[in-house]
Structure formats: C-alpha cells, structure tokens
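Would you be able to build a 3D model of this:
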Amino acid sequence: MQQLDMFGSELHEYLICVEPDQQTTNKVIQLKHLLHTSIPLSDQVLKSKPHISLCYFEASDFSDELIILKIKQALAGIECFKIGLNGCELWNNGSFILKVDHTESIHMLQKQLSAHFKGVVQTLHLTIARTISRKQFADFSANDFQYSGNFSCDSIVLLKKSGNTPYQLLHRILLSSMK
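Numbers count the residues shown, from 1 in each chain. Sure, this is the predicted structure:
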C-alpha cells in the first residue's frame, strides 16, 4: 500500500519490537516447523523472524530521524529486563502465540511508548503462526507447543517497510544496563 501524503512523500510502515535471544528464536522456529507438519504454513510465516511487537504505525519517509529521536526519548531510563514466555494460546483471529508475562517492566515500557506513539500493542505476545482455524487447531495437541522460558531484553528494534517489501532494520536502541 503505497500512498502519497499532501507533500508527495511516501508513507512507510514502522514496527517497534523486541527480538528474542538466539535460544528463544531457535525454539520459536522449531515450534513453527512442528506446527507446519500438521498445518501447512505459508513461506511468509515460516520465514518471519520471531519478535514481540510493541508498537505499529505509519509515517512519511522524511520522519526517520524524528522517529528515532522520539524512541530514544521514550526509552530513556528504561533498563534491561527479563521477558518471560509462558504457554501458548490460539486467539479468535487465528493467531497462534506464545504468551508474554505482563511484568512491571513490560508495563513501564508500554507506558513510555504510549506517551510518544499511537499504535502501542496492549497484549504483548510472540506469534508462532497466523490464520489458523479452530478446526485446524483441533487436529493437533497444544501440549506440544507449551513453552516456558525467559530472555534478557537489552535492546529495542525499529523496523521499516515500504509496500510489500519485508521489514528492514532502521535502528537498534540499546537499553541502559541494570545498576
């Protein structure tokens, strides 16, 4: 979807997210492939990089530096913290997800982002697959997908995409070290 704003500048999609550590990433990829043995998943789902979406919005391409500045302001004072994953769930919209523990650190991160951006995700999760029907879900055991673990969140990632192209890394913001 490429639209022009009133100044003739192209709109882009932006995603602020957390990328899990390599161990968690490998586990999510393993879960995707396990699910794929029962339910055919698209290449897009199989190849999508595991992440936890924090905020999604659209803006003009001339906004990159301002967006980066606003993210840095929003994240000032946020220290590295642990993100816990605890079990899986199929949502009514067909998303099959790993549940993120809603901790005080997560709440503070969402609050800080909400002060600077619209489109902050309220129910944080890590998606395994999308568009799974209840009937398909009945054909396999969710017990095979129960996962509990945690990883350190030491940075927040800003991704950008235009049209149907994949998201590209625009900027990585390192969180301050724990004292």
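
Give me the buried positions along the lowest-mean-pLDDT helix or strand in the chain.
Of all helical and strand segments in the chain, the minimum by mean pLDDT, DSSP states H and E falls on helix 134-138, at a mean of 77. By neighbour count on 16 or more other C-beta atoms under 10 Å, the buried set for helix 134-138 is Q136. Any C-beta I mention is one placed from the backbone N, CA and C, and that applies to glycine too.

For S63, see how far away T165 is.
Per C-beta to C-beta, to the nearest Å, T165 is found 18 Å from S63.

Settle it for me: which of these two has more neighbours?
Neighbours per residue, other C-beta atoms under 10 Å: of T165 and S63, the larger number sits with S63, 17 against 10.

and that one, which of the three is it?
helix (DSSP: H, G, I helix; E, B strand; the rest coil).

With L159 instead?
strand.

close enough to count as contact, it and P166?
No. L159 lies out of contact with P166 (C-beta atoms under 8 Å); the separation is 9.0 Å.

Would you mind checking the average pLDDT for the longest helix along the chain?
Among the segments of the chain that qualify as a helix by DSSP state H, the longest is helix 22-36. The average pLDDT within helix 22-36 is 94.

how distant is the least confident helix or strand of the chain from the center of its chain?
24 Å (C-alpha atoms, centre = their mean, to the nearest Å).

returning to that earlier point: so which of L159 and P166 has more stuff around it?
Neighbour totals were compared for L159 and P166, and L159 leads with 21 against 10 (other C-beta under 10 Å).

Now do the more buried one against E89, distance only.
Distance, L159 to E89, using C-beta to C-beta: 24 Å.

again with T127
For T127, the distance to E89 equals 11 Å [C-beta to C-beta].

overlap in contacts of those two?
In terms of C-beta atoms under 8 Å, 6 or more residues apart in numbering, T127 and E89 are both contacted by the residues 96-97.
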